[in-house]
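*Asks:* turn this into a structure:
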Amino acid sequence: MPGRAAEVFTTFLRLGLVAFGGPFAHLGYFRRELVERRRWVTEDQFVQLMGLCQLLPGPASSQLGFSLGLVRAGWAGAVAAFAGFTLPAALLMFAFANLLPGLEPAAARVLVHGLKLVAVAVVADGTWRMFRQLCTDGPRIGIAVASAAAVVAFGNGWTQLAVVAAGALAGIAFCRVASVAAFEPPRLPYGHRTGVALFVLYLALLAALPVAARAFDGRIAVAAAFYHAGALVFGGGHVVLPLLQQTVVDPGWIPRDAFLAGYGAVQAVPGPMFSLAAYLGARLDGGLGGPAGALTALFAIMLPGLLLVTAVLPLWGALTARRGAVRAIAGVNAGVVGLLAAALYDPVWVSAVLSPLDAAVALAGFALLAARRASSLWVVAWCVLSTAARAWAG
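*Replies:* I've put the predicted structure just below:
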């Protein structure tokens, strides 16, 4: 049953307030709230949308949230989902840009470490549940294991794209499905012609903004630089950071130390990692920063990914009606499970679990999610407070 934009906004606002841990962790939050609890989409529809977002450049979790809002309440729902999920992180990063000189480094380190342990619990829970749901036979388990191994061995954005593509090919070759009807594509409020128009707009902006930047400079140059970063980065999350450094540090818009401080802070806030753009836009030199700079940078880096996913969605739905495509999707889904498993190891586990006590805290958080089905807020409170208590005791 269709929903209302207000319902979508409040749901995603809550997710934006608690979705710590980066894009892979966000998938776990989305699945728990929108598939298990609210049943806005089926498990199969969720993983179809997730697989598509993993294939495309841009911020995968923001694209997925935008798509889920679109399916639930049309274009107004898509905008509401994006605004609700992005707003908390963007406001926090903008505030950090203005409060950076007064932060206490020791307290910030404790907070970041506790939130990283939250990510361990959330990603582990999401990986386990999706593995049980999607890897139901030998070929799919094999695809998931091979995908995880490839990402761990060669971890970068292009490897993730190659893994998803290889999963599709392996699915066509090895996966068997009971019937095409097992995958019901979600309904969309538009058709193929609108999708083509959105794709043309995506390409037109990619070509025209750099030309306009050379002619007018100023905020047009900022928009062009951040649009380019959002349009061409595969893998999202941490993968965008080197490209953003090239975008804002090399031209001299932001000092390297200020950029690295923002990189550290964005890992301590919920919501999309692309919200780093709000911090970077606020810190731009030459009179380009402040609220206008933050809005320009954030909107420009998010826009290409949202245009691209909405352009491809109508075609994606048509493809799911074909048996070969269904097999490919089964392979993609298994590959995504492998991506989640690889992310659970690196960077989530590697960067967060530094001692046996860290492992125990993360395991307890996982147990709250997996066994007790506790709210994510309780897991956040447990991991952060236990980390703070150990720091004060030590």
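*Asks:* measure Leu13 to Gly84 for me?
*Replies:* Here the criterion is CB to CB, to the nearest Å. By it, Leu13 lies 4 Å from Gly84. In this view, the C-beta of every residue, glycine as well, is placed from N, C-alpha and C.
*Asks:* of the two, who's got more company?
*Replies:* Using other CB atoms under 10 Å as the criterion, Leu13 and Gly84 rank with Gly84 on top: 23 against 17.
*Asks:* chain neighbours aside, what residue packs nearest to the more buried one?
*Replies:* Phe12 (3.3 Å; CB to CB, 6 or more residues apart in numbering).
*Asks:* show me what contacts that neighbour?
*Replies:* Counting by CB atoms under 8 Å, 6 or more residues apart in numbering, Phe12 touches Gly65, Gly69, Ala80, Ala81, Phe82, Ala83, Gly84, Phe85.
*Asks:* correct me, but Val196 touches Ala311?
*Replies:* Yes: Val196 is in contact with Ala311 according to CB atoms under 8 Å; the separation is 7.3 Å.
*Asks:* can you give me the buried ones in the helix or strand in which the residue nearest to Gly84 is found?
*Replies:* Element membership of Phe12 [criterion: DSSP states H and E] is helix 5-18. The neighbour-count check on helix 5-18 (16 or more other CB atoms under 10 Å) flags Ala5, Glu7, Val8, Phe9, Thr11, Phe12, Leu13, Arg14, Leu15, Gly16, Leu17, Val18 as buried.
*Asks:* C-terminal to that helix, what's the next element?
*Replies:* Past helix 5-18, the next helix or strand by DSSP H and E is helix 23-30.
*Asks:* now that following helix against helix 5-18, angle please.
*Replies:* Here helix 23-30 runs at 130 degrees with respect to helix 5-18, directions being taken by axes from the mean of the first three to the mean of the last three CA atoms, to 10 degrees.
*Asks:* could you look up the next helix or strand downstream of helix 23-30?
*Replies:* helix 43-55.
*Asks:* not counting sequence-adjacent ones, nearest residue to Cys383?
*Replies:* Distances taken as CB to CB, 6+ apart put Leu117 closest to Cys383, at 4.1 Å, once the chain neighbours are dropped.
*Asks:* residue contacts, that neighbour?
*Replies:* Ala352, Val353, Asp358, Val361, Ala362, Gly365, Cys383, Thr387.
*Asks:* may I see the buried residues of stretch 119-132?
*Replies:* 119-131.
*Asks:* cool, and stretch 42-61?
*Replies:* Result for stretch 42-61 [16+ other CB under 10 Å]: buried residues 43-61.
*Asks:* alright, that wraps it up for me.
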